[in-house]
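Asks: fold the following.
(one chain, ligands or ions: 1)
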Amino acid sequence: MSASASSPAAEEKQEAAPVTHCKGANDLDKVVLREVRGSSAEAIFKPPKAIRGGIPICFPQFSNFGNLEQHGFARNRIWTIDTDPPQFPVPTSNTAYVDLILKPTEEDLKIWPHSFEYRLRVALTPGGDLMLTSRIRNTNADGKSFSFTFAYHTYFKISDISEVRVEGLETLDYLDNLQDRSRFTEQGDAIVFESELDRIYLGTPSKIAIIDHEMKRTFVVRKGGLPDAVVWNPWDKKAKSMSDFGDDEYKRMVCVEAAAIEKPVTLKPGEEWTGKLELSAVPSSYYSGQLDPDRVIQDSSVPEDSIS
Ligand SMILES: O=P(O)(O)OC[C@H]1O[C@H](O)[C@H](O)[C@@H](O)[C@@H]1O
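Replies: Numbering: from 1, shown residues only. Below you'll find the model as predicted:
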C-alpha cells in the first residue's frame, strides 16, 4: 500500500495492510526498507504473506506471545478502504490520508474467537511526516472481553547499521528475545549495533530517535498508547536464514517498533483502544550528540498531549 494515497476512494480492496512505500517531502521515503515493491534484493510479494519491509501491523499477537501465527494474522490479511470512518482523534486538516478497516473472517474467528473492528488511518502531513492511527474495538456480541498484543513493525532504511544509534531507551529495562526473554537494564547511553539484537524495551518514552551519522539524518518516532519498543537487527547469520531478505540487507535496516507487549491490552465489548505512531525525518545536525526531541518536533503537526 502506498501511504501517499490521498482521501478515501471508492470502496475497493487493498492488496495488503502494511505501508510498503511512503514518498514524503522530508526523506520519509527512506522509512521503508524497499524503494518499491520487491525491487530491492530479496523481498517477496506473495499474498497472503506480508512483504518484508514497510510497517507490518502485528495484531492480535506480537511474535509468539500466544498461540497464533508469528506476529498475528493482521499483517497477512486483505484490508478494505473505509469510506465512512467515524471521527478520528488526531487532527487531519491539510493531511492526505486513507482509512482502512479490518474485520475478522470466519476463518479468523476459528483461530481467534473474537469479533473486532480495526480501523487504521494512514496520514501524510504537508511536511512529510507519516502518522498511523489504529483504533481497535471489541464488537463481541457474547459479552466477552479480549486481550491482544500489538506492534507497528517499522523498518527504517539506514546507511550502515554500524553507524547508527538509537536514543531514548537508555536506563530502561528490556526483555532480551535472544536470551529467553530474560529481563535486563540498558547500561549504554544509546543503543549501538555490533551483533544481532532483538529486545523489547519496557515503559518507553513517547519519543525515540534513530540517529544515522553517515546520512546526517535522524528519524524521530513518536507514539501514543504504546508503552513498549522493540529494537531488532538480525545481523549476518539470521539474515542468511531468511528467504525474503538479502544476506547483506541487515547493514541497511533497523526495526524500531512501537508496541504494547508486556501488558496486553484488554477490551470489554464496546470498548476501543487507540495506538498512534508518528514518524519524522530531520537533519541530524539538530541532534549532534544531544538528544533533544522537543526541539526537533516542536513544529510537529501532532500536539504533544494528543499522542501520549
Ligand atoms: O520474520 P518476522 O516474522 O517478520 O519477524 C521479524 C522480527 O520481528 C520482531 O522484531 C521480533 O522481535 C524478532 O524476533 C523477529 O525476528
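Asks: who in the stretch 201-308 of the chain is up against the ligand?
Replies: 230, 232, 255 (C-beta under 6 Å from any ligand atom). All C-beta spots, glycine's among them, are computed from the backbone N, C-alpha and C.
Asks: what's the closest non-adjacent residue to the second one?
Replies: So that's Trp232. Leaving out its chain neighbours, the residue that sits closest to Trp232 by C-beta to C-beta, 6 or more residues apart in numbering is Cys255, at 4.2 Å.
Asks: what's the per-residue pLDDT of the one you found here?
Replies: The model reports Cys255 with a pLDDT of 95.
Asks: so of the residues of the stretch 201-308 of the chain next to the ligand, which ones are in strands?
Replies: 230, 232, 255 (DSSP state E).
Asks: wait, which of those is closest to the ligand?
Replies: Closest approach to the ligand among these (C-beta to the nearest ligand atom): Trp232, at 3.4 Å.
Asks: show me what that closest one is bridged to.
Replies: Asp198, Cys255 (DSSP bridges).
Asks: just give the nearest non-adjacent residue to Gly188, would you?
Replies: Glu170 (6.4 Å).
Asks: residues contacting the most centrally placed residue in the chain?
Replies: Central residue of the chain (C-alpha atoms, centre = their mean): Tyr152, 2.2 Å from the mean position. Residues in contact with Tyr152, defined by C-beta atoms under 8 Å, 6 or more residues apart in numbering, are 55, 57-58, 132, 134, 223, 226, 257-259, 275, 277.
Asks: try 6 Å this time
Replies: The contact partners of Tyr152, taken as C-beta atoms under 6 Å, 6 or more residues apart in numbering, are 55, 257-258, 277.
Asks: I'd like to know how far the residue nearest to Gly188 sits from Thr204.
Replies: With distances taken as C-beta to C-beta, to the nearest Å, Glu170 is found 11 Å from Thr204.
Asks: okay, the two: which has more neighbours?
Replies: Thr204 (23 against 15; other C-beta atoms under 10 Å).
Asks: wait, a helix at that one?
Replies: No: Thr204 is assigned coil when assessed by DSSP: H, G, I helix; E, B strand; the rest coil, not a helix.
Asks: roughly how far apart are it and Asp228?
Replies: In this structure, Thr204 and Asp228 are 6 Å apart, going by C-beta to C-beta.
Asks: find the residue closest to His153 in space, skipping its chain neighbours.
Replies: Pro56 (4.4 Å).
Asks: for that neighbour, give me phi and psi.
Replies: Here is the backbone geometry of Pro56 (degrees, to the nearest 10): phi -60, psi 150.
Asks: partner residues bridging the closest residue to Leu102 other than its chain neighbours?
Replies: Distances taken as C-beta to C-beta, 6+ apart put Tyr118 closest to Leu102, at 4.3 Å, once the chain neighbours are dropped. Using DSSP bridges, the bridge partners assigned to Tyr118 are Leu102, Ile136.
Asks: my read: Tyr118 touches Ile136, true?
Replies: Yes: look at Tyr118 against Ile136 with C-beta atoms under 6 Å: they come within range, at 5.0 Å.
Asks: what values do phi and psi take at Lys110?
Replies: Main-chain dihedrals, Lys110, degrees, to the nearest 10: phi -70, psi -40.
Asks: just the one 4 residues further on next, same as before
Replies: Taking degrees, to the nearest 10, you get phi -140, psi 130 for the backbone angles of His114.
Asks: any idea how far it lies from the ligand?
Replies: The spacing between His114 and the ligand, counted by C-beta to the nearest ligand atom, to the nearest Å, is 22 Å.
Asks: cool, and Arg183?
Replies: According to C-beta to the nearest ligand atom, Arg183 and the ligand sit 15 Å apart.
Asks: give me the number of residues near that residue?
Replies: Neighbours around Arg183, by other C-beta under 10 Å: 12.
Asks: now do the residue of the stretch 1-150 of the chain found nearest the ligand, the pLDDT please.
Replies: Per C-beta to the nearest ligand atom, Gln70 is where the stretch 1-150 of the chain lies closest to the ligand, at 4.4 Å. Predicted confidence (pLDDT) for Gln70: 96.
Asks: also the one 4 residues further on?
Replies: In this prediction, Ala74 carries a pLDDT score of 97.
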